[in-house]
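J.: below is the structure, and that's it, no one-letter string:
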């Protein structure tokens, strides 16, 4: 059964023009036990008093073996959105109600495929940030490769892009491709790709005997990439999905 608790904002900054990174601690002082890839639910009320909730993946970097004190999430701005009003304007020291963790969008110890294909758009990249210590352990085995295809309209919207690029430089088995659909970088990287994530996927030549895929972000991308991976022969059991839907 999921735990219910209150979170107090201790820090925040803008990741992109319309995305805020928020850092919380539990009001009760307890750490949060979670597996990278899981999410929390934030509970609040509309102006008319109706109860509602929104889900946010935990972005805190951790290996899942020990609880964390700081709980990080990334929140996108949605025009007229109730959650945007709550979290976009939350001051330091502000308190919100939450529950969790939930979800199974996690790396599995039973996965033995040589290559992991991680696809994301927008804030759908936050689970992969949390997974970095686990990815490091995977790569240490010496027989694995991890490829992250991250789609954004422009360089400014590549959330945590510098972190993933730094990780790639120190971990040769990790490849990071920023897939820019509208505007190329002023100074392009050799690893940059033009177009949508699902279209860049073909360059990797997915194979059922080699790959396991994780898809997280915009439902259109997830559906298109899912269909493309099936065409390449990957069975559904080797494709894991998490859709991010913007709610008002």
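T.: That came through, no problem. In this text, all values refer to a predicted model and were calculated from it rather than measured experimentally.

J.: let's verify residue 203: helix, strand, or coil?
T.: Under DSSP: H, G, I helix; E, B strand; the rest coil, residue 203 falls in the helix class.

J.: what's the answer for the one 3 residues further on, then?
T.: The assignment at residue 206 comes out as coil when based on three-state DSSP.

J.: C-terminal to the host helix or strand of residue 98, what's the next element?
T.: Take DSSP states H and E as the rule and residue 98 turns out to sit in strand 95-102. The helix or strand immediately downstream of strand 95-102 is strand 115-121, counting by DSSP H and E.

J.: by contact count, what packs against that next one?
T.: Under the contact criterion of 3 or more C-beta pairs under 8 Å, 6 or more residues apart in numbering; DSSP states H and E, strand 115-121 touches strand 145-152, helix 197-200, strand 211-217, helix 219-231. Where you see a C-beta, it was placed from the backbone N, CA and C, and this is true even at glycine.

J.: how far off strand 145-152 does it point, in degrees?
T.: Interaxial angle of strand 115-121 relative to strand 145-152 (axes from the mean of the first three to the mean of the last three C-alpha atoms, to 10 degrees): 10 degrees.

J.: phi first, then psi, for the residue of the chain most remote from its centre.
T.: Centroid-distance maximum for the chain: residue 48 at 31.7 Å, with C-alpha atoms, centre = their mean. Reported as degrees, to the nearest 10, the phi and psi values for residue 48 are phi -90, psi 0.

J.: helix, strand, or coil at residue 5?
T.: Assigned with three-state DSSP, residue 5 falls in the strand class.

J.: distance of the closest residue to it other than its chain neighbours from residue 69?
T.: The shortest distance from residue 5 to any non-neighbouring residue, by C-beta to C-beta, 6 or more residues apart in numbering, is to residue 26 (5.2 Å). Per C-beta to C-beta, to the nearest Å, residue 26 is found 8 Å from residue 69.

J.: neighbour count for these two, which is higher?
T.: Between residue 26 and residue 69, residue 26 has the larger neighbour count (other C-beta atoms under 10 Å), namely 18 against 13.

J.: and the more buried one, what are its bridge partners?
T.: For residue 26, the beta-bridge partners are residue 7 (DSSP bridges).

J.: check contacts around it.
T.: By C-beta atoms under 8 Å, 6 or more residues apart in numbering, residue 26 lies in contact with 5, 6, 7, 8, 32, 71.

J.: just for this protein, where's the confidence low?
T.: Along the chain, segments meeting pLDDT under 70 span 1, 245-248.

J.: so how far is stretch 218-233 off the chain centroid?
T.: Mean-position distance between stretch 218-233 and its chain equals 17 Å (C-alpha atoms, centre = their mean, to the nearest Å).

J.: please apply the same query to stretch 231-239.
T.: When C-alpha coordinates are averaged (C-alpha atoms, centre = their mean), stretch 231-239 and its chain have centres 21 Å apart.

J.: rewinding a little: which of the contacts of residue 26 are buried?
T.: Among the contacts of residue 26, the ones that count as buried by 16 or more other C-beta atoms under 10 Å are 5, 7, 32, 71.
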